[in-house]
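Student: A structural model of the following input is requested.
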Amino acid sequence: MKCALITGGSRGIGKAICIQLAKDTDYHILINYNSNENAAKDTLKEVEAAGNTGEIIAFNVSDAEQVKSQLDTWQDNNPDALIEVVINNAGITKDGLFMWMPKEDWQNVIDTSLNGFFNVTNHLIQKMLRNRYGRIINIASVSGVKGTAGQTNYSAAKGALVAVTKALAQEVAKRNITVNAVAPGFIKSEMTMDLDEKELKKLVPANRFGEAQEVADLVSFLVSNKASYITGEVININGGIYS
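Tutor: Numbering: from 1, shown residues only. A predicted model of the protein is given here:
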């Protein structure tokens with residue numbers, strides 16, 4: 001059984017990716033969630049409605065021990081299964097001006113968006129290397145490419161993801177493992193629900209927020225064989241916001 005693991009897969013962009021991969025691939029879809037089990041179950045229903053198989057797997061990506069124990073338990077229960085695709089999508093925001101930012105708001109965002117990448121990918125990559133195949137896709141952000149005021153912590157975490165994508169890609173390319181990042185701009189989701197869309201879309205040359213589905217389509221392409229010569233790349237999907 002070949003599998004694709006999507007962290008933070010229960011809602012928003014993660015959910016859209018789970019459903020699109022269910023439609024476009026034969027992968028068994030592993031839907032990771034941290035707190036909202038009902039949302040994860042809804043995503044699983046849609047994966048199955050798309051004609052594919054899947055299951056939900058609960059862990060907090062920022063908790064290295066929990067990641068290890070949950071993935072090891074899952075592997076023990078599925079000895080023949082192989083996770084070939086990892087989509088590092090889990091992330092949180094704790095926005096605020098840097099001068100007033102509490103240390104925990106800095107730390108929590110880094111722990112989830114950056115250390116979460118390490119905890120999940122580092123645990124799974126040896127098997128990919130032995131198997132000589134893999135697709136690792138990191139969901140970065142326009143904040144990590146050009147920086148966003150009020151998001152120094154999020155920009156730091158996502159900017160680091162961009163850098164790690166480029167470095168890791170060079171280490172594993174010989175083993176037929178690609179590592180790419182996708183950097184969305186303003187995408188309609190729970191994360192952007194509180195933003196003033198009417199005002200902010202004026203900053204976007206395309207004059208609108210993007211859809212989670214548009215990001216999912218791009219990720220699905222990067223997972224496919226059509227993208228096998230693309231690695232270490234950061235693909236912006238932001239309606240034209242460039243610094």
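
Student: Run a quick neighbour tally on residue 241.
Tutor: 17 (other CB atoms under 10 Å). Every C-beta, even on glycine, is put in place using the N, C-alpha and C of the backbone.

Student: what kind of secondary structure is it in?
Tutor: The local conformation at residue 241, judged by DSSP: H, G, I helix; E, B strand; the rest coil, is coil.

Student: go on, residue 136?
Tutor: strand.

Student: which regions of the protein sit below the pLDDT cut-off?
Tutor: Across the chain, the ranges flagged by pLDDT under 70 are 191-193, 195, 243.

Student: in it, which spans are helices?
Tutor: 12-24, 37-49, 64-77, 103-110, 116-131, 142-146, 152-172, 197-200, 212-223 (DSSP state H).

Student: and the angle for the third one with helix 116-131?
Tutor: Orientation note: helix 64-77 sits at an angle of 30 degrees relative to helix 116-131 (axes from the mean of the first three to the mean of the last three CA atoms, to 10 degrees).

Student: For helix 64-77, enumerate the helices and strands it packs against.
Tutor: strand 54-58, helix 116-131 (3 or more CB pairs under 8 Å, 6 or more residues apart in numbering; DSSP states H and E).

Student: cool, and the second one?
Tutor: Helix 37-49 makes packing contacts with helix 12-24, strand 28-33, strand 54-58 when contacts are defined by 3+ CB pairs under 8 Å, 6+ apart.

Student: distance of the residue most central in space within the chain from residue 9?
Tutor: Nearest to the mean C-alpha position of the chain, by CA atoms, centre = their mean, lies residue 89 at 1.8 Å. Using CB to CB, to the nearest Å, residue 89 is found at 7 Å from residue 9.

Student: what sits in contact with each of these two?
Tutor: Counting by CB atoms under 8 Å, 6 or more residues apart in numbering, the shared contacts of residue 89 and residue 9 are residue 17.

Student: before we move on, the earlier item: got a list of what the residue nearest to the centre of the chain touches?
Tutor: 6, 7, 8, 9, 13, 14, 17, 139.

Student: Report the buried residues of stretch 80-91.
Tutor: Within stretch 80-91, the residues scored as buried using 16 or more other CB atoms under 10 Å are 82, 83, 84, 85, 86, 87, 88, 89, 90, 91.

Student: let me redo that: stretch 90-110
Tutor: 90, 91, 92, 93, 94, 95, 101, 105, 106, 108, 109, 110.

Student: And for stretch 36-47?
Tutor: For stretch 36-47, by 16+ other CB under 10 Å, it's 39, 40, 43, 44, 46, 47.

Student: now what about stretch 182-200, what contacts it?
Tutor: Identification of contacts with stretch 182-200 by CB under 8 Å, 6+ apart yields 11-13, 93, 137-142, 144-145, 158, 162, 201, 204, 209-212, 214-215, 218-219, 222, 234-239, 241.

Student: what do you get if the cut-off is 7 Å, keeping everything else the same?
Tutor: Residues outside stretch 182-200 that contact it (CB atoms under 7 Å, 6 or more residues apart in numbering) are 11-13, 93, 137, 139-142, 144-145, 204, 209-212, 215, 218-219, 234-239, 241.

Student: cool, and stretch 202-222?
Tutor: Contacts with stretch 202-222, where a contact means CB under 7 Å, 6+ apart, come from 12-13, 16-17, 20-21, 24, 87, 135, 137, 180, 182, 184-189, 192, 197, 201, 227, 230, 235, 237, 239-241.

Student: Going through the residues you listed, which ones are buried?
Tutor: 12-13, 16-17, 20-21, 24, 87, 135, 137, 180, 182, 184-189, 192, 227, 235, 237, 239, 241.
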